[in-house]
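A.B. asks: Structure of the sequence below:
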Amino acid sequence: MTRPSLWWVGRDLRLADNPALSAAAAAGPVIPVAVLDDATVPPGAAAQWRLGQSMHSLDARLRDLGSRLVVRRGDARTTLAGLLADTGAQAIHLCDPHPFFAVPQGLPLVLHPANNLMASGTLATGAGTPYRRFTPFWKSLRARPIAAPLDTAPVPAPADWPAGLDPADWDLGAAMNRGAAVLARHARIGEAAARQRLDAFLADSLSAYGTDRDRPDRPLGTSGLSDALALGEISARSIWHAVLDRGGPGAETFLSELGWRDFARDLMRHSPDMGRQNWNRDWDGFPWQADNPQAEAWRRAQTGIDMVDAGMREMYVTGRMHNRVRMIAASFLTKHLLTDWRVGTRWFDDTLIDWDPASNAMNWQWVAGSGPDAAPYFRVFNPDSQGDRFDPSGRYRAHWLTGPGADAFAEAAPRAWRVDPRRRPPPVVTLAAGRQRALEAYAIARR
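C.D. replies: Numbers count the residues shown, from 1 in each chain. The predicted structure follows:
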């Protein structure tokens, strides 16, 4: 018989538009494989839980097709070498990995571009250097054709299966404790659910995306696909072509958001320490504080600033936060509280189900001011005025501070926090004083 190939699922847990799977299937039998180690599993509890749920969903779909997902725990290189020996596989196929993936060397590993709209490293300035600003990057990307997505691939089964962990023992959600049950009520898991979300967005929300995307009080204003994209339950280019085909108002704005994701990955490719160091090293002397009690109040959604606390509660309950509110919450931490952006990054690492290392790092640095931002001023969001503008009726804030969302937060939060969901603390800092302090710190740092 033809020797099998290993399809290392990585962070591309889908059958449609999966060139690694397609190539493996074209060569013969396929053994789908997932490896659990520090280099491939996300750092945060919520993202780990979400990955585990996606793996179970993929395994169920594979079993419907007469296949299965083989999961092993251990160092990726050692584990994959063992699988090659156990199965006699001829190659390992993997979609071009996410920025945090450490690709093992010395193995018959074949990489296939799939995660980005354009293959990583494709775009460069006329001088051959990486883009440092989004607008020229986007113009270059938009002028190029994006490859059409591949059809759903078959998954021919091997004659014999290697041993793997029992699905009951994958257990990637243990650190979530009682919060897992709360997350489960809000998450929509798997490739089929991602496609359904996309179809609903195209039919009902794309036309108003240009305005509604900034409105957290309108739950259908965005696609809701960020966690599915982060796990590769749907590909960026599948979404791209579906949006292009639909067209109309909102389409170009939405496509540029997909371009922003590519930009983040391109930046991290050239600046792999972007999640740990200031992208703009001129900011190394900025007087941010290390972790502190006010930052702890921010984590616990107890700042006394309604828009910030509502967003932090939304994230703790659902594993996601509306993008406009993410900017508000991040600005408050780094500007009004003068707390190091890395403190916020680490918390988002731990609590987001749509965690993506490149997007998380770049977005935090963009808000903090140390990232790729062409704006010639020090941006300080005012949470109250932002709330009045983008949540004019107060519906979003009311849901999370006094409504059903408040009860869900109390259920999800650690008991040690002693959450009284409807008690509002006084502000940890007045907005005027916090803004003035940030501007003074910026002026001193510039000098």
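
A.B. asks: Spatially nearest residue to residue 113 (excluding sequence neighbours)?
C.D. replies: Leaving aside its sequence neighbours, residue 113 sits nearest to residue 119 (CB to CB, 6 or more residues apart in numbering; 3.9 Å). All C-beta atoms are positioned from the backbone trio N, CA, C, and that covers glycine.

A.B. asks: Tell me, how many residues neighbour the one you found?
C.D. replies: 14 (other CB atoms under 10 Å).

A.B. asks: Next: the one 5 residues further on.
C.D. replies: Burial measure for residue 124: 14 neighbouring residues, criterion other CB under 10 Å.

A.B. asks: Quick check: residue 349 vs residue 153, distance?
C.D. replies: 32 Å (CB to CB, to the nearest Å).

A.B. asks: now residue 355
C.D. replies: 27 Å.

A.B. asks: residues contacting residue 362?
C.D. replies: Shown in contact with residue 362 (CB atoms under 8 Å, 6 or more residues apart in numbering): 263-264, 267-268, 274, 279, 371-372.

A.B. asks: next SSE after the helix or strand in which it is found?
C.D. replies: Per DSSP states H and E, residue 362 falls inside helix 357-368. Remark: after helix 357-368, the chain's next helix or strand is helix 383-390, criterion DSSP H and E.

A.B. asks: State the mean pLDDT of that following helix.
C.D. replies: Helix 383-390 carries an average pLDDT of 98.

A.B. asks: contacts for that helix?
C.D. replies: Contacts for helix 383-390 (CB under 8 Å, 6+ apart): 214-217, 305-308, 324, 328, 331-332, 394, 397, 431.

A.B. asks: ok, back up a step: and the helix holding residue 362, how far out from the chain middle?
C.D. replies: 11 Å (CA atoms, centre = their mean, to the nearest Å).

A.B. asks: So for it, mean pLDDT?
C.D. replies: Helix 357-368 comes out at a mean pLDDT of 94.

A.B. asks: picking that back up, among the contacts of helix 383-390, which one sits closest to residue 110?
C.D. replies: Of all these, residue 110 sits closest to residue 324, with 40.6 Å by CB to CB.

A.B. asks: What is the neighbour count of the closest one?
C.D. replies: 23.

A.B. asks: In three-state terms, label the residue nearest to it when sequence neighbours are not counted for me.
C.D. replies: Using CB to CB, 6+ apart and skipping the chain neighbours, the partner closest in space to residue 324 is residue 214 (4.7 Å). When classified by DSSP: H, G, I helix; E, B strand; the rest coil, residue 214 comes out as coil.

A.B. asks: can you list contacts of stretch 57-77?
C.D. replies: Under CB under 8 Å, 6+ apart, the answer for stretch 57-77 is 9, 13-15, 30-37, 39-40, 55, 79, 82-83, 102, 104-107, 154-155, 157, 161-165, 167, 170, 189-192, 233.

A.B. asks: tell me the pLDDT at residue 192?
C.D. replies: For residue 192, the predicted pLDDT is 98.

A.B. asks: Just want the phi and psi numbers for it.
C.D. replies: Dihedral angles of residue 192 (phi, psi; degrees, to the nearest 10) stand at phi -60, psi -40.
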